[in-house]
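Asker: The sequence and its predicted three-dimensional model are supplied below.
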Amino acid sequence: MPDYEIDNTRAESSIKSLNFELTNLTPSALITLFEIDISKLVKSKNTTLAAEQQELNAQFKQNNITKRIDLNDNILRFHNNVNIFNSYIVWQGKVYHPAPIAAEGFEATTKGTLPQPTLSISSQSENGIDQLALLKHEIRKFGDIIGSTVTRRRTFAKYLDKTNFTLFSGANLSEKSQQIPQGYEPDPFAELPKDVYFIERKQTENKSIITYQLSSILDLEGTKIPKRVINSDKCVWQYRGIGCWYQHATEAEEAQWNTNFSAGVPSPGDAVPILKKAELDSLHVAAGATVTKAQGTGLPERTLPVANDKDERLSIAGGNDRGLWQKNPVNSSGQPSGYMKGQWVFLEKDDIKYYFVCIKDNGAPQSDAILPPNSDYWEADECSKTLTGCRMRWGSTKGKVVLGSKCALGKDSDGSAGVKGLLPFGGFPAARKIQRQG
């Protein structure tokens, strides 16, 4: 495996050679390569490109040898230099496949506006172009690839990997047949700065072509600064969502988290919806950091429904948690059992749980249960987004949260866990406007 780690000496040599080629009156052909990273998309669908490749049986021939496409990093690689290389291009050990892809609009201007390039993919038959077939398969299967990262890489033909110029890579051939063309000097580090963009929207789609508009990470149109609005008396967090964290893992979610962790499954936090939404495995560690089983999910042990949006307490006396709402609920013995006054259920949307307390019996064995939020039968657990609402849940005396020893929230100054009274309030009480006296 070639060494693609760069040091100062190799970097200086590559930059010097690249600058010479840029000012050369007869430079080598400029090669443009494209990488489309859809790792976030396939991860959100609980799959991988390698699995999709197996489904399509996508493969290619290189030097008359049939190979599978290397998709372990969930990146599709293409080039459109068919007039120069009507075959695969190998750059830094990665194979780029020829495809009818056109990209334009990368040029920067002095008008102060950021370029918004377009990426067009022809709808011609993708037979024999397995990477393109795989890309179109993903578009058809998932509906779109909005948000995926597109990287444009440019280098000169003379710097491409030696593999591109030998007849049979790795074969036991004579030294003469392994020689590269005159004037070519393979250098995996001699490339122009990468252009990294994100697929923002679908611009055109018809029978012949599909075009996506790209945007830079610096393109902040519609973004407010500061990103987080500073309110003195209102919390900005979504109730029971990220930042609020007033949400426990259900018994089934906790058990699945432990199973995933013990089995070494990547991202065990995906078993708990709120952790999955936050892209965390545990509240104890940052995203991507290592978590231990002893730390667990880091979420509270129990988070009861408390009050409505007017801070009026909900009546849950004698009730119990019935979990996810069911049209035909059953009891612990598996017998049909409706919802009784004081019991509570939840509905889930976008990995956030919304709780409702039963205020009138419904769903007896003879009829279907009434779906929340029907106000005749259910009252919603909502937060007023005020300090009072926050104290009703997290407060040290009247708060309803049960933190538990594994909870990462409510840490005291001595590091002890599960201390109530530390409010995760999303507002800034000290930001109130002060009236000047006199």
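Answerer: Looks like it arrived, so ask away.
Asker: wait, residue 293 sits on residue 259?
Answerer: No - between residue 293 and residue 259 there is no contact under Cβ atoms under 8 Å: 11.0 Å. Just so you know, the C-beta spots here come from the backbone N, C-alpha and C atoms, and that holds for glycine as well.
Asker: Kindly spell out which helices and strands sit in contact with the longest strand seen in the chain.
Answerer: As assigned by DSSP state E, the longest strand anywhere in the chain is strand 195-205. The contact analysis (3 or more Cβ pairs under 8 Å, 6 or more residues apart in numbering; DSSP states H and E) places strand 195-205 against strand 118-122, strand 149-156, strand 209-215.
Asker: now these as a markdown table including mean neighbour count?
Answerer: As requested, the helices and strands packed on strand 195-205 are exported to a markdown table (neighbours: other Cβ atoms under 10 Å):
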| stretch | mean neighbour count |
| --- | --- |
| strand 118-122 | 18 |
| strand 149-156 | 19 |
| strand 209-215 | 19 |
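Asker: quick one: which of the ones you listed is nearest residue 11?
Answerer: Of all the helices and strands packed on strand 195-205, strand 149-156 sits nearest to residue 11, with 14.7 Å by Cβ to Cβ.
Asker: Parallel or antiparallel, which strands does that closest one pair with?
Answerer: If you go by DSSP bridges, strand 149-156 pairs up with strand 30-37 (antiparallel), strand 195-205 (antiparallel).
Asker: just to revisit the earlier point, tell me which of the helices and strands packed on strand 195-205 lies nearest to residue 321.
Answerer: strand 149-156 (41.4 Å).
Asker: now the residue lying closest to residue 162 once chain neighbours are set aside: how far from residue 80?
Answerer: Among residues not flanking residue 162 along the chain, residue 186 sits closest, at 4.6 Å (Cβ to Cβ, 6 or more residues apart in numbering). Distance, residue 186 to residue 80, using Cβ to Cβ, to the nearest Å: 21 Å.
Asker: again, but for residue 139
Answerer: Relative to residue 80, and taking Cβ to Cβ, residue 139 is found at 18 Å.
Asker: Let me know the average pLDDT across stretch 402-421.
Answerer: Stretch 402-421 carries an average pLDDT of 76.
Asker: Make residue 1 into 826 and carry on from there
Answerer: Yep, numbering from 826; the last one is stretch 1227-1246 now.
Asker: Report how far apart the opening and closing residues of that stretch are.
Answerer: 11 Å (Cα to Cα, to the nearest Å).
Asker: Could you pull up the residues touching the closest residue to residue 1040 other than its chain neighbours?
Answerer: Closest residue in space to residue 1040, ignoring its immediate chain neighbours: residue 1025 at 4.1 Å, by Cβ to Cβ, 6+ apart. Counting by Cβ atoms under 8 Å, 6 or more residues apart in numbering, residue 1025 makes contact with 941, 971, 1037-1040, 1044.
Asker: re earlier: the longest strand of the chain to strand 943-947, inter-axis angle?
Answerer: 60 degrees (axes from the mean of the first three to the mean of the last three Cα atoms, to 10 degrees).
Asker: In strand 1020-1030, which residues are buried?
Answerer: 1020, 1022-1025 (16 or more other Cβ atoms under 10 Å).
Asker: Can you pick out the most distant pair from the residues you listed?
Answerer: So, those by Cβ to Cβ: farthest apart are 1020 and 1025, at 14.7 Å.
Asker: tally of neighbours for residue 969?
Answerer: Residue 969 has 16 neighbours, counted by other Cβ atoms under 10 Å.
Asker: State whether residue 934 and residue 941 are indeed in contact, as I suppose.
Answerer: No - judged on Cβ under 8 Å, residue 934 makes no contact with residue 941 at a distance of 11.2 Å.
Asker: Between these two, which is the more surrounded one?
Answerer: A direct count of neighbours by other Cβ under 10 Å for residue 934 and residue 941 places residue 941 higher, at 16 against 8.
Asker: got any ranges where the stretch 876-1025 of the chain has weak pLDDT?
Answerer: Across the stretch 876-1025 of the chain, the ranges flagged by pLDDT under 70 are 876-896, 908-911, 937, 948-959, 962-963, 967-968, 991-1006.
Asker: Show the residue spans covered by the strands in it.
Answerer: With DSSP state E, counting those that start in this stretch as the criterion, the stretch 876-1025 of the chain has strands at 884-887, 890-893, 900-904, 914-916, 919-923, 926-929, 943-947, 974-981, 1020-1030.
Asker: how about the ones you listed, which one is nearest residue 843?
Answerer: The minimum distance between residue 843 and the strands of the stretch 876-1025 of the chain falls on strand 974-981, with 7.8 Å, by Cβ to Cβ.
Asker: Residues touching the closest one, excluding its own?
Answerer: 843, 846, 852-862, 916, 928, 931, 942, 944, 1015-1017, 1019-1024, 1039.
Asker: Buried residues, stretch 927-946. List them.
Answerer: In stretch 927-946, counting by 16+ other Cβ under 10 Å, buried: 928, 940-942, 944-946.
Asker: for this protein, longest helix please?
Answerer: If you go by DSSP state H, the chain has its longest helix at helix 833-847.
Asker: Contacts only, for residue 1152.
Answerer: Contact analysis of residue 1152 by Cβ under 8 Å, 6+ apart lists 1188, 1193-1194, 1196.
Asker: Show me just the buried residues among those.
Answerer: Buried among the contacts of residue 1152 by 16+ other Cβ under 10 Å: 1188, 1194.
Asker: out of the contacts of residue 1152, who's nearest residue 1066?
Answerer: Lowest distance from residue 1066 to the contacts of residue 1152 (Cβ to Cβ) belongs to residue 1196, with 22.1 Å.
Asker: residues contacting residue 1125?
Answerer: Here residue 1125 is in contact with 1070-1073, 1226-1229, 1232, 1234 (Cβ under 8 Å, 6+ apart).
Asker: ok, now how distant is it from residue 869?
Answerer: According to Cβ to Cβ, residue 1125 and residue 869 sit 26 Å apart.
Asker: Only the buried residues of stretch 1203-1217, if you could.
Answerer: Of all the residues in stretch 1203-1217, those buried under the rule 16+ other Cβ under 10 Å are 1203-1212, 1214-1217.
Asker: what do you get for stretch 1189-1202?
Answerer: By 16+ other Cβ under 10 Å, the buried positions in stretch 1189-1202 come out as 1194-1195, 1197, 1202.
Asker: ok, so of these, who is nearest residue 1131?
Answerer: Of all those, residue 1197 has the smallest distance to residue 1131: 16.4 Å, by Cβ to Cβ.
Asker: which element is that closest one on?
Answerer: Using DSSP states H and E, residue 1197 is not contained in any helix or strand.
Asker: Next, it: phi, psi?
Answerer: The phi and psi values for residue 1197, taken as degrees, to the nearest 10, are phi -60, psi 150.
Asker: from memory it sits against residue 1150, does it?
Answerer: Yes - between residue 1197 and residue 1150 a contact is recorded at 6.3 Å, counting by Cβ under 8 Å.
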